[in-house]
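>>> I'd like to go over a predicted model; first the sequence, then the structure.
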Amino acid sequence: MKIVGTIILVIGVIGTVMFGIQAIQDSESFSFLGLDIGVSSADWTPLIVSVIVLLVGALLYSKGKK
């Protein structure tokens, strides 16, 4: 389980970083009455799935240590 957890954890980290950067780049901001307002046109689903995969991998990795 430790090896499977490590692989899933690494995939989750890579996905979270890649989709996080993509989501940040898909954001725009504009100024209104002196305030910077951010508008995101990003699809957050891949980022959420990547974080879930990361958490599952961490859980499997921690269960494999015992």
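Looks like it arrived, so ask away.

>>> What are the boundaries of the helices in the protein?
Here the chain has its helices, by DSSP state H, at 2-25, 45-64.

>>> how far away is the residue nearest the centre of the chain from V10?
Centrality entry for the chain: nearest residue to the mean C-alpha point is T16, 2.8 Å, by Cα atoms, centre = their mean. Counting by Cβ to Cβ, to the nearest Å, the separation of T16 from V10 is 11 Å. The C-beta positions use only the backbone N, C-alpha and C, and glycine is treated the same way.

>>> S62 too?
15 Å.

>>> can you pull the contacts of the residue nearest to the centre of the chain?
Going by Cβ atoms under 8 Å, 6 or more residues apart in numbering, T16 touches L47, S50, V51, L54.

>>> bridging residues for the nearest residue to S31 once chain neighbours are set aside?
Nearest residue to S31, sequence neighbours excluded (Cβ to Cβ, 6 or more residues apart in numbering): I37, at 7.4 Å. Under DSSP bridges, the beta-bridge partners of I37 are F30.

>>> What distance do you get for S29 to A23?
In terms of Cβ to Cβ, S29 sits 14 Å off from A23.

>>> and the gap between the residue lying closest to L47 once chain neighbours are set aside and S41?
Distance criterion Cβ to Cβ, 6+ apart; nearest residue to L47, sequence neighbours excluded, is F19 at 4.2 Å. To S41, F19 is 14 Å away according to Cβ to Cβ.
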